[in-house]
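[1] Build me a model from this:
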Amino acid sequence: MAETYIEVKNLTKRFEEQIAVNKVSFSVSKGEVVGFLGPNGAGKSTTMRMLLGYYLPTEGEARILGYDCIEQSLEVRKHTGYLPENNPLYYDMYVKEFLLFMAYSQKISKPYKRIKEVIDLTGLGPEQHKPIGQLSRGYKQRVGLAHALLHDPEVLILDEPTSGLDPNQVIEIRNLIRELGKERTILLSTHIMQEVEQVCSRVIIINKGRIVADGDPAHLKKTIFSRRRFRLEIREKISGVPQVLRKWHVEPISPGHWFIYSSEKDIRPELYRLCVESNWTLLTLVEEEQPLEEVFHKLTMES
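    Predicted coordinates for the structure are as follows:
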């Protein structure tokens, strides 16, 4: 059984009359990359800040590597790297100068050797002699990640690491997180469902301060959606839903193009026969996995 690296039990945080986090419990094992999802204001950042000792919980407890996040917060920070959403940096400092300053602040042994390692790891080599203020947002995120990795932590907590990046920068940071996840335990907050499906082995969804789902993405989809979805596209521009398709639940996409939902095993052979009998020119007939975005929407809008 994998060792537990993050453990949260009945964690609650109130700000006067507002309950931001309400009896949240979960655990993350060694080597897991877990997506921590929720709408704005759901309690994600508040939970992360309690894990790092920045907020005191109203109730409950949290531990990282067995250390109490409140009573032993210094030990927790020694083993945890944190990239906050706003990623505070000293824009007037050069990249290497900033990392050296942080290495000395954290009393890291052999700082020059470690700085070279994190620069290589995060791909900052071409930019290491530039002022941070002159870097693109993607490279600024890399500087933040390099800072979070300086003390070689076993656990990484990343709050919206790709927020505000352009598509190329998103791919670069996503690939970097995937590589980091091979050797570290990561708790990742994000709004990008594609990112979660590509990077995370497990998903925790929080809504209005409570956990509403916890599991691997494929299992959540099967649990939430009892029906399978097929996409049918023909060349003929038929509007609405033809009579021959009305035995199933059909969602029109465009003329001659539909999503067809069925609880049966596989209706593609029958759909193919219907196309032949109806003299339709078949362009597409595939089963499609329903996206994680729809799971997220269903859970956070209906709960």
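
[2] show me where the stretch 1-150 of the chain has strands.
    In the stretch 1-150 of the chain, the strands defined using DSSP state E, counting those that start in this stretch lie at 4-15, 18-29, 33-37, 59-64, 67-68, 80-83.

[3] The last one pairs with which strands, and in what direction?
    Strand pairing for strand 80-83, determined by DSSP bridges: strand 155-159 (parallel).

[4] what angle do the helix or strand just after the partner strand and strand 155-159 make?
    The helix or strand immediately downstream of strand 155-159 is helix 167-180, counting by DSSP states H and E. Here helix 167-180 points in a direction 160 degrees away from that of strand 155-159 (axes from the mean of the first three to the mean of the last three C-alpha atoms, to 10 degrees).

[5] What lies in contact with the very next helix or strand once past helix 167-180?
    Once the chain leaves helix 167-180, the next helix or strand it forms, by DSSP H and E, is strand 185-189. Applying C-beta atoms under 8 Å, 6 or more residues apart in numbering, the contact partners of strand 185-189 are 5-6, 28-37, 44-45, 48, 51, 85, 154-161, 177, 180, 196, 199-200. For every residue, glycine as well, the C-beta is placed using N, CA and C.

[6] For PyMOL, what selects the buried ones among the residues you listed?
    To isolate the buried ones among these in PyMOL, judged by 16 or more other C-beta atoms under 10 Å, type:
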select buried, resi 5+6+28+29+31+32+33+34+35+36+37+44+45+48+51+154+155+156+157+158+159+160+161+177+180+196+199+200
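
[7] Any idea which of the strands of the stretch 1-150 of the chain gets closest to Glu264?
    When the strands of the stretch 1-150 of the chain are compared by C-beta to C-beta, strand 33-37 sits nearest Glu264, at 31.0 Å.

[8] any weak-confidence spans in the protein?
    Applying pLDDT under 70 to the chain flags the ranges 1-2, 302-303.

[9] Which parts of it are helices?
    44-51, 73-78, 95-105, 111-122, 137-149, 167-180, 193-199, 217-224, 268-277, 292-302 (DSSP state H).

[10] Now these in TSV, please, with extra columns for distance to His249.
    Below are those laid out as TSV (distance: least, C-beta to C-beta, whole Å):
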stretch	distance to His249
helix 44-51	34
helix 73-78	49
helix 95-105	55
helix 111-122	48
helix 137-149	43
helix 167-180	34
helix 193-199	23
helix 217-224	16
helix 268-277	14
helix 292-302	15
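
[11] Isn't Leu52 up against Gly81?
    No - counting by C-beta atoms under 8 Å, Gly81 is not a contact partner of Leu52; they are 10.1 Å apart.

[12] Name the residue in those two with the higher neighbour count.
    Between Leu52 and Gly81, counting by other C-beta atoms under 10 Å, Gly81 is the more crowded of the two (23 against 17).

[13] What sits closest to the more buried one if chain neighbours are left out?
    Leaving out its chain neighbours, the residue that sits closest to Gly81 by C-beta to C-beta, 6 or more residues apart in numbering is Ala148, at 3.4 Å.

[14] Look up how far Ala213 lies from that neighbour.
    In this view, Ala148 and Ala213 are 27 Å apart by C-beta to C-beta, to the nearest Å.

[15] quick one: which of these two has more around it?
    Ala148 (23 against 20).

[16] I'd say the more buried one and Asn87 touch.
    No - using C-beta under 8 Å, Ala148 is not in contact with Asn87, being 9.6 Å away.

[17] The chain - how does it break down into domains?
    By the assignment in automatic domain parsing, the chain contains the domains 4-222, 226-291.

[18] who touches both of Leu52 and Gly81?
    Ile157.

[19] OK, contacts around Asp166?
    Contacts of Asp166 (C-beta under 8 Å, 6+ apart): Arg137, Gly138.
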